[in-house]
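**Student:** okay, here's the prediction I keep looking at, along with the sequence it came from:
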Amino acid sequence: MSLVLVANRAPIRPTSTGWAPALGGLASALLPVLEAQGGAWVAMQEPDERTPLFQRYPDDDPRFTVRRVPLEEPEYAAFYQGMANRVLWPLAHYLVEHVEPERTFRDAYRAVNRRFAHAALDVAREQGGAVQFWIQDYHMMLVPEMIRGALAGAQVGFFWHVPWPASEVFRIVPSATALLKGLLGSDLIGFHTEGYAENFRESARDLLGAEIDPEGVHWQGRHVRVEAHPIGIDVERFVGFGERPETQAQAEALVEELGDVQIVLGVDRLDYTKGLLLRMEAFERFLELYPEMHGRVTLLQVATPSRTGVPAYDRLRRDMDEITGRINGRFAQGAWAPVRYRYRSFTQEELAVLYRAADVAFVTPLRDGMNLVAHEFAAVSERGALVLSELTGAADYLDGAVFVNPYDAEGMARSLREALDLPEDDRRRRLASLRAAVERLDVHVWADRFLTSLDGRPAPPADGEGG
Ligand code: ADQ
């Protein structure tokens, strides 16, 4: 059966010599499936992007089609920067103060979703024969219902990559019921955790009056299954980076460059959901509480530019510069800077060096659907400890972490000290448990398990442990 994927981003990117898979787990998990089954990937083409609207890939042995949906500037601003990133994104993360009125965005969101649905139906028709549709994430909530409306017997899966909030929070968005109905055009809706799946079922009950059961939602004569399908990383790839001798050598050089300090590492997109400012405050509190650690610990924070042009993101960028300056101004001595902050993108090989060099990964989002930085660190580190926000999806699975509340700067400061002081055998035991969990959640397992379940065949349990 061929597969038609619908996602905001394309799975391939231009390079100086041709095309290569995009970075990130989704492309690495789904390209092999598409190459084996055939089909298409429908993605957005941004206003200034110069890519083909139709492209067969790979060039030398075409196995599937990449179909791009071109967006003009005004609809891109209203659909992507607006409804997706200024309404649905903060809502899903319980950051209600960032949610903007949706009226001006709503029509563009529906119109763009319709274009994606049409493109998906077109490529499905070209495939002929049986097709599975798999729609990704909060940009595309109306697409399942639109596909079902045109093709009643279609097999439609949807995966939601961010948290699903409590129904009382979701109902804040005025088009909540229309969005829910859009999603319920699916046969199977996947979330990272059972908690998000439960919130979704309750939203359908509370806002639509739908009948629900522990497996899903009864809707318009169909039973829509709602399941936990936790995502992971391409484990082999990251373990491989960690084992390369040059990674080890560069990690040692980095520790030396920073003055033989213990390294506390933050790696994030620059996004207000990632808890960067409160993390910085926690580190400042740590320096106040433990003067004996001055000169011995550095927070290395790297942040990739993200969603620039959206005011809240531009503001966060300025706030990060300011707080970094304040902490360094207060505490720096001689060659030691307590905070090293780098605002740019890193390759996965470079990230592996950082993971390898770190004593502690400080992963403290205010909310996060899963958080793959925690997984990547566990796959690469050979001696580090993970401090992890209990408000991430990853917290449901990564037992070996030291858990913190990301809104509690004092608590985070104390937990950071605890993590830095963990005895060697405890650290190793925790890391082994983290590594085992990350291996069970491998992204290839995720894709296989979701598509198996979509197809109506029994899928193995979520974390491979049974139950
Ligand atoms: P994101 O919000 O992007 O994803 P995350 O899961 O942490 O969050 O993935 C981030 C990816 O970006 C990681 O692979 C990481 O290596 C990379 N990255 C982060 N900072 C970087 C930097 N400075 N330089 C280079 N790369 C960097 C959404 C949801 C998550 C969910 C994923 C997958 O918000 O909760 O885990 O989708 O479902």
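**Tutor:** Yes, it's here.

**Student:** would you mind listing what in this protein touches the ligand?
**Tutor:** For the chain, the contact set with the ligand under Cβ under 6 Å from any ligand atom comprises 24, 161-162, 231, 267-269, 302-304, 345-346, 351, 368-373, 376. All C-beta atoms are positioned from the backbone trio N, CA, C, and that covers glycine.

**Student:** just the buried members of those?
**Tutor:** Neighbour counting over those (16 or more other Cβ atoms under 10 Å) leaves 161-162, 231, 267-268, 302-303, 351, 368-373, 376 as the buried ones.

**Student:** about what we covered before: out of the residues of the chain next to the ligand, which are inside helices?
**Tutor:** L351, L372, V373, E376 (DSSP state H).

**Student:** contacts only, for the first one.
**Tutor:** What it means is L351. Counting by Cβ atoms under 8 Å, 6 or more residues apart in numbering, L351 makes contact with V267, V302, E376.

**Student:** pLDDT for those - can I get that in a markdown table?
**Tutor:** Below are the contacts of L351 laid out as a markdown table (pLDDT from 0 to 100):
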| residue | pLDDT |
| --- | --- |
| V267 | 97 |
| V302 | 98 |
| E376 | 97 |
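
**Student:** ok, these vs R417, which is closest?
**Tutor:** Nearest to R417, judged by Cβ to Cβ, of the contacts of L351 is V267 at 20.9 Å.

**Student:** hmm, that closest one is touching A352, no?
**Tutor:** No. The criterion here is Cβ atoms under 8 Å, and V267 misses it with A352 at 10.8 Å.

**Student:** which parts of the lowest-mean-pLDDT helix or strand in the chain are buried?
**Tutor:** Ranked by mean pLDDT, DSSP states H and E, the helix or strand of the chain with the weakest confidence is helix 25-37, at a mean of 88. Within helix 25-37, the residues scored as buried using 16+ other Cβ under 10 Å are G25, L26, A27, S28, A29, L30, L31, V33, L34, Q37.

**Student:** so which of these comes closest to R326?
**Tutor:** When the buried residues of helix 25-37 are ranked by distance to R326 (Cβ to Cβ), G25 comes first, at 35.5 Å.

**Student:** quick check: the closest one vs L299, distance?
**Tutor:** Distance of G25 to L299, given as Cβ to Cβ, to the nearest Å: 26 Å.

**Student:** L386 too?
**Tutor:** From L386 to L299 the distance is 15 Å (Cβ to Cβ).

**Student:** do the same with H161
**Tutor:** Taking Cβ to Cβ, one finds H161 at 28 Å from L299.

**Student:** ok, Y313 next?
**Tutor:** From Y313 over to L299 (counting by Cβ to Cβ), the distance is 21 Å.

**Student:** looking at those two, which one has more neighbours?
**Tutor:** Shown here are Y313 and L299; by other Cβ atoms under 10 Å, L299 has more neighbours (26 against 18).

**Student:** look up phi and psi at the more buried one.
**Tutor:** In terms of degrees, to the nearest 10, the main-chain angles of L299 are phi -90, psi 120.

**Student:** give me the beta-bridge partners of it?
**Tutor:** V264, V339 (DSSP bridges).

**Student:** one more: V156?
**Tutor:** Here V156, judged by DSSP bridges, has bridge partners F133.

**Student:** what's the burial count for it?
**Tutor:** By other Cβ under 10 Å, neighbour count at V156 equals 26.

**Student:** from now on call the first residue 19
**Tutor:** I'll keep to 19 as the first residue from here, and by that count the last item is V174.

**Student:** give me the pLDDT for it.
**Tutor:** We have a pLDDT of 98 for V174.

**Student:** that one and T211: what is the separation?
**Tutor:** 22 Å.

**Student:** then L49?
**Tutor:** Distance from L49 to T211, by Cβ to Cβ: 26 Å.

**Student:** below-threshold pLDDT in the stretch 369-485 of the chain: ranges please.
**Tutor:** 481-485 (pLDDT under 70).

**Student:** how about stretch 174-188: buried residues?
**Tutor:** Across stretch 174-188, burial judged by 16+ other Cβ under 10 Å covers 174-183, 185, 187-188.

**Student:** also stretch 24-36?
**Tutor:** V24, A25, N26, R27, A28, P29, I30.

**Student:** next: stretch 127-136.
**Tutor:** Per 16+ other Cβ under 10 Å, stretch 127-136 contains these buried residues: Y127, R128, V130, N131, R133, F134, A135, H136.

**Student:** tell me which residues touch the residue in the stretch 69-218 of the chain positioned nearest to the ligand, please.
**Tutor:** Distance from the ligand to each residue of the stretch 69-218 of the chain (Cβ to the nearest ligand atom) is smallest for H179, at 3.6 Å. Counting by Cβ under 8 Å, 6+ apart, H179 touches Q154, D155, Y156, H210, I249, G387, M388.
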